[in-house]
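Asks: Can you look at this prediction? I've put the sequence above it.
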Amino acid sequence: MAKSEAELRLHDLFVRGLDGDAAAYRMFLQQLASHLRAFLGRRLFGWPDEVEDLVQECLLAMHNQRHTYQPDQPLTAWVHAIARYKMIDLLRARAGREALHDPLDDDLAVFAESATEASDARRDLAGLLATLPDRHRLPIVHTRLEGLSVAETARLTGMSESAVKVGVHRGLKALALKIKGAR
Amino acid sequence: MRTDQLVDWLAADAPRVPRRAVSRRLVLALAVALPVSFAWMLVAYGVRRDLIEAMFWPMFWVRLLFGACIALAGFVVVQRLARPGVRVRGAWLGLAAPVLLIWALALLVLFVAPPGERTALVMGRTWRSCTIDIAVMSLPMFVGLLWALRGLAPTRPAWAGAAAGAMAGGAGAWIYAFHCPELAAPYIAVWYVAGIALPVVAGALVGPRLLRW
């Protein structure tokens, strides 16, 4: 099977991101978000409001589980499997299968389209963030929202630098769990 | 929150990711669980006294190989199910083949045995405890693999749980074989297979609850 242009481009960016190239990883996430928005939007047309929430949930899940990707695997299959898993999860929670266009298809067209216009997510991620314990919340707030460095955050909070890094990492995972819990 | 902002957050939390993280995590779990299980066998059951002598009997090796093959195939299947978008394909056969082969061997043995001895070949002397003992032996691997899977991304949790049960059950049967006095193929075909089936069923039942992410 010939690899699509998007597969090659995103695979390259993602693999560089996995090797620690933050700029490439950022581009990967931006383009991935557009593809997910189009892919999920087409399948959840009954609930346009859910799309952006699900895009964010997928991004967070893919970020937290990126260690399960191996570069020799088609990226399309990996992304599709996670997007599908999260979508089915949402549908189970909503239990409204009739509103669905074609949710359980097996075609791997995640990268077929791209939608850059993001509608506002309904879910208040910042609100969920506020419910995390300080050791997770403060590192995320200072390093992400306020743009401080790890060292500055460590000084401000009295945590060690490694505790700040671990806090961000664990915090993002905890946030993914909160999203599940909030549903 | 806007998606752009989330992307910024996530991109800033992007240290280098170690390669083959899935296999590493599974191996780590097994590196802790296997010695625990083996030590439990040594302490609570003890190896069979005639172990040296038994090493010259083909059935002793068949029985060890039976558990080891299921454990290895189970590892491959778990490893694939832990990664989104990876198909298991032929690896299922690796789990089915040892069971089918031991069943075939058992039927052959029963067929050539005198009718009066057939019941004894199936029931052995320790059938009452064998199945449960194998399930108990498999428990450390079972717990370890489920812990490992909770940090991975199985998109089919019931299957992943069942495969973890198969890997744990195979390893449990392998370890129990160092103690077990039974060598007849029909005995293994019934009680060993049942001992492995227990963690498989348990895994399929707890998977959807424990392995959600």
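Replies: It's in.

Asks: what sits against B:Gly207?
Replies: When contacts are counted by Cβ atoms under 8 Å, 6 or more residues apart in numbering or on different chains, B:Gly207 is found next to B:154, B:157-162, B:164. Where C-beta positions appear, they are placed from N, C-alpha and C, glycine not excepted.

Asks: Neighbour-wise, which one of those residues leads?
Replies: Of all the contacts of B:Gly207, the most densely surrounded is B:Ala164 (38 neighbours; neighbours counted as other Cβ atoms under 10 Å in any protein chain shown).

Asks: Give me the pLDDT for the residue most central in space within chain A.
Replies: Central residue check for chain A by Cα atoms, centre = their mean: the C-alpha nearest the mean position is that of A:Leu59, 0.9 Å away. With respect to pLDDT, A:Leu59 scores 94.

Asks: And A:Lys180, by the same measure?
Replies: At A:Lys180 the predicted local distance difference test score is 71.

Asks: Identify the residues contacting the lowest-mean-pLDDT helix or strand in chain B?
Replies: Of all regular secondary-structure elements in chain B, judged by mean pLDDT, DSSP states H and E, the least confident is helix B:51-54 with a mean of 84. The set of residues that contact helix B:51-54 without belonging to it, under Cβ under 8 Å, 6+ apart, is B:48, B:60, B:178, B:183.

Asks: Mind giving me the packing neighbours of the helix or strand immediately after that helix in the chain?
Replies: Following the chain from helix B:51-54 toward its C-terminal end, the next helix or strand by DSSP states H and E is helix B:58-81. Counting contacts by 3 or more Cβ pairs under 8 Å, 6 or more residues apart in numbering or on different chains; DSSP states H and E, helix B:58-81 packs against helix B:21-40, helix B:91-112, helix B:157-176.

Asks: how far off helix B:21-40 does the last one point, in degrees?
Replies: Computed by axes from the mean of the first three to the mean of the last three Cα atoms, to 10 degrees, the angle separating helix B:157-176 from helix B:21-40 equals 40 degrees.

Asks: so who does residue 35 touch?
Replies: Just going to use chain A. With contact set as Cβ under 8 Å, 6+ apart, A:His35 has these partners: A:6, A:10, A:79, A:110-111, A:113-114.

Asks: Nearest residue to the residue most central in space within chain B in space, ignoring adjacent ones along the chain?
Replies: Residue closest to the average C-alpha location in chain B (Cα atoms, centre = their mean): B:Met167, at 2.3 Å. Distance criterion Cβ to Cβ, 6 or more residues apart in numbering or on different chains; nearest residue to B:Met167, sequence neighbours excluded, is B:Gly74 at 2.9 Å.

Asks: cool, and A:Phe28?
Replies: A:Leu13 (3.8 Å).

Asks: Other residues contacting the helix or strand bottoming out on mean pLDDT in chain A?
Replies: Least confident helix or strand, chain A: helix A:125-130 with a mean of 76, by mean pLDDT, DSSP H and E. For helix A:125-130, contacts defined as Cβ under 8 Å, 6+ apart pick out A:56, A:137, A:140-141, A:171, A:175, A:178-179, A:182, B:1, B:6.

Asks: and what of stretch B:55-67?
Replies: If you take Cβ under 8 Å, 6+ apart as the criterion, stretch B:55-67 is touched by B:54, B:98, B:102, B:105, B:170-178, B:180, B:183-185, B:188, B:192, B:196.

Asks: Can you list phi and psi of B:Leu183 for me?
Replies: With angles defined as degrees, to the nearest 10, B:Leu183 sits at phi -130, psi -10.

Asks: ok, it - contacts?
Replies: With the criterion set at Cβ under 8 Å, 6+ apart, B:Leu183 makes contact with B:54, B:57, B:59-60, B:63.

Asks: do B:Met41 as well
Replies: When contacts are counted by Cβ under 8 Å, 6+ apart, B:Met41 touches B:47, B:137, B:175-176, B:178-179.

Asks: Drop anything exposed from those residues.
Replies: Among these, the ones that count as buried by 16 or more other Cβ atoms under 10 Å in any protein chain shown are B:137, B:175-176, B:178-179.

Asks: out of those residues, which touch chain A?
Replies: Cross-checking these against chain A (Cβ under 8 Å from any Cβ of the partner chain) gives no overlapping residues.

Asks: isn't B:Gly74 right next to B:Gly161, touching?
Replies: No: using Cβ atoms under 8 Å, B:Gly74 is not in contact with B:Gly161, being 11.8 Å away.

Asks: nearest spatial neighbour of residue 78, skipping sequence neighbours?
Replies: Because you didn't say which chain, this covers chain A. Computed as Cβ to Cβ, 6+ apart, the closest residue to A:Trp78 that is not its neighbour in sequence is B:Gly85, at 4.2 Å.

Asks: switch to chain B, that's the one I care about
Replies: Nearest non-adjacent residue to B:Val78, counting by Cβ to Cβ, 6+ apart: B:Ala163, 4.6 Å away.

Asks: separation between that neighbour and chain A?
Replies: When distance is defined by Cβ to the nearest Cβ, to the nearest Å, B:Ala163 is 15 Å away from chain A.

Asks: mind giving me the domain ranges of chain A?
Replies: When chain A is parsed with automatic domain parsing, its domains come out as A:1-122, A:124-183.
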